[in-house]
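In: Build me a model from this:
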Amino acid sequence: MKLSTKAQIQKLLDRGTRWGAGPIQFFSLPANGLQEQLGIIVLKKAYRRAVDRNRIKRLIRESWRRLPPVPQENFLLMVHSGLNARTIKLKDMDLWIKTAFSKKQRSPAELAAPSLAR
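Out: Below is the predicted model:
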C-alpha cells in the first residue's frame with residue numbers, strides 16, 4: 001500500500017526516524033500491526049519535468065520491490081536534487097537503497113565513529 005494522506009505523511013516527517021544515502025532521505029515509523037506502507041516524494045523544485053519525477057518514482061518502486069523483506073514499518077522516501085533523472089540506472093537506485101538500509105541497521109555510535117578501515 002502507499003501512504004496517501006497528508007496526515008500520514010506529516011506524522012512520518014515529524015516523528016519518524018530519519019537517515020539517508022545519496023540524494024534520498026528515508027523516514028520510518030513502526031506499522032503497529034497494520035500493513036506496512038511506502039510513500040515517495042520527489043521534489044518539484046528539484047525536478048521540474050513530470051517525466052523526470054515519474055521516472056525516479058518508477059525506479060524507486062522497482063528497486064523497493066527487489067529488496068529482501070523489510071521490517072514491519074511505514075517508510076517515506078524523499079528525493080532531493082542530485083540525480084540525473086534521464087541517465088540514472090536501476091542498479092544505481094538499488095545500491096542507494098541497500099546502502100541506506102545498511103546504515104539504518106548500524107547503531108548511532110557506529111555511524112558517528114570515523115571508519116578505521118580504508
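In: What distance do you get for the residue nearest to the spatial centre of the chain to G33?
Out: Ranked by distance to the mean C-alpha position of the chain (CA atoms, centre = their mean), the top residue is L77 at 3.2 Å. The gap separating L77 from G33 is 23 Å, by CB to CB, to the nearest Å. For glycine as for every other residue, the C-beta is placed from the backbone atoms N, C-alpha and C.
In: who's in contact with the residue lying closest to I88 once chain neighbours are set aside?
Out: Of all residues not flanking I88 in the chain, L59 sits nearest, at 6.5 Å (CB to CB, 6 or more residues apart in numbering). Neighbouring residues of L59 by CB atoms under 8 Å, 6 or more residues apart in numbering: 88, 90, 93.
In: My read is that the last one contacts S63, right?
Out: Yes. Here M93 reaches S63: they are 4.3 Å apart, a contact under CB atoms under 8 Å.
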